[in-house]
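Chemist: Here you go, sequence then predicted model.
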Amino acid sequence: MNYFTFGRWKIERGLAVMAVLFLVSLPFVTPRVAASDEIEYFSYLPTLLLDRDLDFRNQYEYFCNLDYEDCVASRFKETFLDLKTPTGLQINFGPMGTAVLWLPFYLVGHLIALLLENANPAFAANGVSAPYIYAVSMGSVLYGWAGMYLAYRIARRYYDEAIALGAALVILFATNAVYYMYVAPTFSHAASIFASSLFVFVWWRTRASRAQGNWKPWFALGASGGLMTMVREQEAVFFVIPFVEGVYLALRVLRTQAALDELVKWVAGAMVMAGGALLVFLPQLLAYRVLNGNFLPARNVTDKFTWDGSHILDVLFSNFHGLFTWTPVVLLAVVGLIFLWRKDKFLAAVFLITFAVETYLLGSFSTWFGGAAFGGRRFINCTVLFVVGLAAFADALQTRVPRPVLAGAGAALVVWNLFFIIQFVTGMVPRQQPVDMLEMARNQFVGVPPRLIEIAGRFLTNRGSFFGR
């Protein structure tokens, strides 16, 4: 590791660069809670901390009344105010993990509101005013950067600093990660980057100690997995990673009895992992019970899943938010996982299997396009895989391609993505329909550049104008 030295203090250079970029980027955060998903995630905090119940009605009414016409047109009122759960409460499809991660920031927002509410009505200590929304938005950005750092640490183990750090920054700014950290921070996706990266990092970092039968890292792995699943239920798919580990050991036992002791330790450890996951996930189970009358997510969520994988090609290649179509750098990252084989065969295999299972899972949803999303938003939990994969891809190329050329290509991908975001938020491309990619590409060169000054002015003076329906 390379370090910056400040007297007695030493700071890892990659961490220092990310910390500076995090601080410099904070003015670009857009704190807002408007879309139904955002309202669902955020409402857990005021209803649990201030109302001390799981009745979201007053929070929903507050956000609905901010723009009643949009509340009706978006069907938020119809879905979340007019309908009830089997237990007679307001529906909430979102799990509570994002709110759990936001909690420290929300409490800081509450303290600020208490101090300033007499000076400005917008700072009312009511649980939903501006200080609370600003606080959790900043928390999302911090969690997003923390997840990127964990991914960088894994990549740094196999590749040099410039390659690993460059891969992390390109994945951040050339995918929808930057959109869901800065433009729409109160969705769950920034928290998802952190939670999934944490799980993968804990698994990767503890491979040796867990193989020796140490139960503490197994428990830590389960706890991080429980948190990850509580952020977004689909992230439970990452438990395939330790499962593949167990299958690998079982196959070794079939060939030789030498691995039997390792398999026994894995089974015992997996039981500890399951206990840790269940313990952390227990609050979510109790919330399901209060809201839905059972320990399962709402039927509206589970009924969207079909098990048939009929939309696998769509989630990857469709003009309607397809992963590779909207964020081509991810295709390079997935190809890079093949090159990771040179450094760590098992890690490469596990990451490729995880991505394949994730693709099958998301391709089995009837709502595979993800609503009014910027790109394949549900793949954002795979960010850690993409960072390592892109580092492997860049490392494989650097023997034939000069590093300045690689850096230029990364910068071009970042600019392409940022211009695409501009088209998305200004309505140059549709949000809830397939995009004409040829027209989008044309706009990248002749539509966006002439409007950059105007768009920058709107961003500084009327940022909310980007979010009209």
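Modeler: Good, I have the coordinates. None of these values were measured; they are calculated from a predicted model.
Chemist: C-alpha only now, for contacts and for neighbours.
Modeler: Will do.
Chemist: which element is residue 100 on?
Modeler: Here residue 100 sits within helix 97-116, counting by DSSP states H and E.
Chemist: Need the CA coordinates for that helix. CSV is fine.
Modeler: What follows is helix 97-116, C-alpha atoms only, in CSV (Å, rounded to 0.1, in the frame of the first residue of the first chain):
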residue,chain,number,x,y,z
GLY,A,97,-32.2,-1.7,5.7
THR,A,98,-31.6,1.6,4.0
ALA,A,99,-33.3,3.4,6.8
VAL,A,100,-31.1,1.5,9.3
LEU,A,101,-28.0,2.7,7.5
TRP,A,102,-29.3,6.2,7.4
LEU,A,103,-30.1,6.3,11.1
PRO,A,104,-27.0,8.1,12.4
PHE,A,105,-27.3,10.8,9.7
TYR,A,106,-31.0,11.1,10.4
LEU,A,107,-30.3,11.7,14.1
VAL,A,108,-27.8,14.4,13.1
GLY,A,109,-30.6,16.0,10.9
HIS,A,110,-33.0,15.8,13.9
LEU,A,111,-30.5,17.6,16.1
ILE,A,112,-30.0,20.4,13.5
ALA,A,113,-33.8,20.7,13.1
LEU,A,114,-34.2,21.1,16.9
LEU,A,115,-31.5,23.8,16.9
LEU,A,116,-32.8,25.8,13.9
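Chemist: If you count contacts, what does the next helix or strand after it end up packed against?
Modeler: For helix 97-116, the succeeding helix or strand toward the C-terminus, using DSSP H and E, is helix 130-158. On a contact count with 3 or more Cα pairs under 8 Å, 6 or more residues apart in numbering; DSSP states H and E, helix 130-158 meets helix 13-25, helix 97-116, helix 161-173, helix 189-205, helix 383-397.
Chemist: Can you add mean pLDDT and distance to residue 283 and give the ones you listed back as a markdown table?
Modeler: Compiled in a markdown table, the helices and strands packed on helix 130-158 are given as follows (pLDDT from 0 to 100; distance: least, Cα to Cα, whole Å):
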| stretch | mean pLDDT | distance to residue 283 |
| --- | --- | --- |
| helix 13-25 | 95 | 31 |
| helix 97-116 | 97 | 9 |
| helix 161-173 | 97 | 31 |
| helix 189-205 | 98 | 17 |
| helix 383-397 | 98 | 26 |
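Chemist: Select, out of these, the one closest to residue 301.
Modeler: Closest to residue 301 of the helices and strands packed on helix 130-158 is helix 97-116 (Cα to Cα; 16.4 Å).
Chemist: ok, back up a step: and the helix holding residue 100, how far out from the chain's middle?
Modeler: From the chain centre to the centre of helix 97-116 is a distance of 20 Å (Cα atoms, centre = their mean, to the nearest Å).
Chemist: separation between residue 259 and residue 125?
Modeler: Relative to residue 125, residue 259 is positioned 59 Å away (Cα to Cα, to the nearest Å).
Chemist: Give me the more crowded residue out of these two.
Modeler: residue 125 (21 against 15; other Cα atoms under 10 Å).
Chemist: show me the contacts for the more buried one.
Modeler: Shown in contact with residue 125 (Cα atoms under 8 Å, 6 or more residues apart in numbering): 110, 113, 114, 117.
Chemist: In ChimeraX, how would I select the buried members of those?
Modeler: Selection of buried members from the contacts of residue 125 for ChimeraX, criterion 16 or more other Cα atoms under 10 Å:
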select :110,113,117
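Chemist: would a markdown table of the contacts of residue 125 with distance to residue 420 be doable?
Modeler: Below are the contacts of residue 125 laid out as a markdown table (distance: Cα to Cα, whole Å):
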| residue | distance to residue 420 |
| --- | --- |
| 110 | 36 |
| 113 | 36 |
| 114 | 40 |
| 117 | 39 |
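Chemist: For residue 241, state which of the contacts of residue 125 is nearest.
Modeler: Closest to residue 241, out of all of these and judged by Cα to Cα, is residue 110, at 38.9 Å.
Chemist: Surely that closest one and residue 129 touch.
Modeler: No: with contact defined as Cα atoms under 8 Å, residue 110 does not reach residue 129; the gap is 9.2 Å.
Chemist: for the stretch 351-469 of the chain, what are the low-confidence residue spans?
Modeler: Applying pLDDT under 70 to the stretch 351-469 of the chain flags the ranges 468-469.
Chemist: what does the stretch 201-350 of the chain give?
Modeler: Using pLDDT under 70, the stretch 201-350 of the chain drops low at 257-258.
Chemist: those strands in the chain, which residues are they?
Modeler: Remark: strands assigned in the chain by DSSP state E are 3-6, 9-12.
Chemist: Which of these has the lowest mean pLDDT?
Modeler: Mean pLDDT is lowest for strand 3-6 among these, at a mean of 74.
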